[in-house]
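> I would like the atomic coordinates for the input below:
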Amino acid sequence: MFRNKKFIWIIFLAFPAVISWMITGGHANVRAGYTPVSAAREPSSATGADILCWQISGGIPMANAVAPTGGGAVSLGQYIPGERSNGTIRFRFGLAGCQSQAQAVELADVEAVNISGPTAGDINVDYSFSAQASPDDATPPITYEWSPAPKRGQGSTIAVYSWADAGSRTINVTISNNNGSATASDAHTITISPAIVDVTAVNISGVASGNTNVDYSFSAQASPGNATPPITYEWSPAPKRGQGSATAVYSWADAGSRTINVTISNNNGSATASDAHTITLSPAVTGRMEVFMPIIKR
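Numbering: from 1, shown residues only. Take a look at the predicted model:
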């Protein structure tokens, strides 16, 4: 009897039982990325049978989980953020009945989102808009829903839009995380202008002949008729009045042939057109009028 007890005592000393397991990782304020979770025998010198059972409770999914065996630090897996589960992650392992320890994990909700992008543009041009979630450490994954549906980029942080018609357009984005339990939205407005139509030609209309010291008006007609305003008009030589407008007034003191020119431009001067017009001037009729009467002889 004594020897049996001594033998048992010797075995106990040689193979001390596992007292407990210390769990590290996955603690409070884990918000982003993957957080390793490890378990180690306590004390580290303890020996005994391999862990026979372990489990995770609380609805928190784990990736790359490995059942612990042997001594030292053992990786149990990684916490997958973005899956909402208030409370704790519970690990069970050990010998009969399994030991357990709980670790709380805090998930960071999205609180706001801001759309950045242009506020003005032209029709039939692609424009990119980006959505920035707040806080920066909001727990992924974060979903992005743009409305109206973009040309491309639905479900991502960057969406591309293009419009065929001019006018004011508003785009919206709604983001969410933690299984949709947290959401935030923002709106952004862009004003779309019609396509720019360049001037291609101009025609001066007016009299081709006249007299000195008489005011004559000449008008410049830009083509095409839907050329994008504003259109600038530069007459040369400088007119008596009307410089900068579509109609210019000229008057000459001397007879002869005179040529006037106009140059028009639009689209910030990138498109121009010119025309010339000639008028022939005669001296004005001046002096007294003489009336000749027939002589009647009686």
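> make it CA atoms for all contacts and neighbour counts henceforth
Will do.
> For burial, what's the neighbour tally of V113?
21 (other Cα atoms under 10 Å).
> In stretch 200-211, which residues are buried?
T200, A201, V202, N203, I204, G210, N211 (16 or more other Cα atoms under 10 Å).
> Any chance of JSON lines for those residues, columns secondary structure, distance to A276 and pLDDT?
As requested, the buried residues of stretch 200-211 are exported to JSON lines (DSSP: H, G, I helix; E, B strand; the rest coil; distance: Cα to Cα, whole Å; pLDDT from 0 to 100):
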{"residue": "T200", "secondary structure": "coil", "distance to A276": "15", "pLDDT": "96"}
{"residue": "A201", "secondary structure": "strand", "distance to A276": "12", "pLDDT": "97"}
{"residue": "V202", "secondary structure": "strand", "distance to A276": "9", "pLDDT": "97"}
{"residue": "N203", "secondary structure": "strand", "distance to A276": "8", "pLDDT": "98"}
{"residue": "I204", "secondary structure": "strand", "distance to A276": "7", "pLDDT": "97"}
{"residue": "G210", "secondary structure": "strand", "distance to A276": "17", "pLDDT": "96"}
{"residue": "N211", "secondary structure": "strand", "distance to A276": "19", "pLDDT": "96"}
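> beta partners for Y144?
Y144 forms beta bridges with I175, as assigned by DSSP bridges.
> what about it, distance to S185?
From Y144 across to S185, the span is 10 Å (Cα to Cα, to the nearest Å).
> again, but for I142
13 Å.
> pretty sure N172 is touching W146, no?
Yes: if you go by Cα atoms under 8 Å, N172 and W146 touch, sitting 5.6 Å apart.
> is it true that Y250 touches S217?
Yes: the pair Y250 / S217 is scored as a contact, 6.5 Å apart, by Cα under 8 Å.
> For V207, grab phi and psi.
Dihedral pair for V207: phi -70, psi 150, per degrees, to the nearest 10.
> what's the neighbour count on the residue lying closest to P229 once chain neighbours are set aside?
Closest residue in space to P229, ignoring its immediate chain neighbours: N266 at 6.7 Å, by Cα to Cα, 6 or more residues apart in numbering. Number of residues near N266 (other Cα under 10 Å) recorded here: 21.
> secondary structure class for the nearest residue to G167 once chain neighbours are set aside?
Nearest residue to G167 in three dimensions, chain neighbours excluded: I192, at 5.1 Å (Cα to Cα, 6+ apart). Recorded secondary structure, I192: strand (DSSP: H, G, I helix; E, B strand; the rest coil).
> repeat for the one 4 residues further on
Under three-state DSSP, the three-state class of I196 is coil.
> pLDDT averaged over the helix or strand harbouring T170 - what is it?
Using DSSP states H and E, T170 maps to strand 167-177. Averaged over strand 167-177, pLDDT sits at 96.
> got the buried residues for it?
So for strand 167-177, counting by 16+ other Cα under 10 Å, buried means I171, N172, V173, T174, I175, S176, N177.
> between those, which is nearest A108?
Distance to A108, by Cα to Cα, is smallest for N177 among these, at 8.7 Å.
> Disregarding residues adjacent in the polypeptide, which is nearest to the closest one?
Per Cα to Cα, 6+ apart, closest to N177 is I142, 4.8 Å.
> Pick out the most distant pair among the buried residues of stretch 200-211.
T200 and N211 (33.0 Å).
> Fine by me, thanks again.
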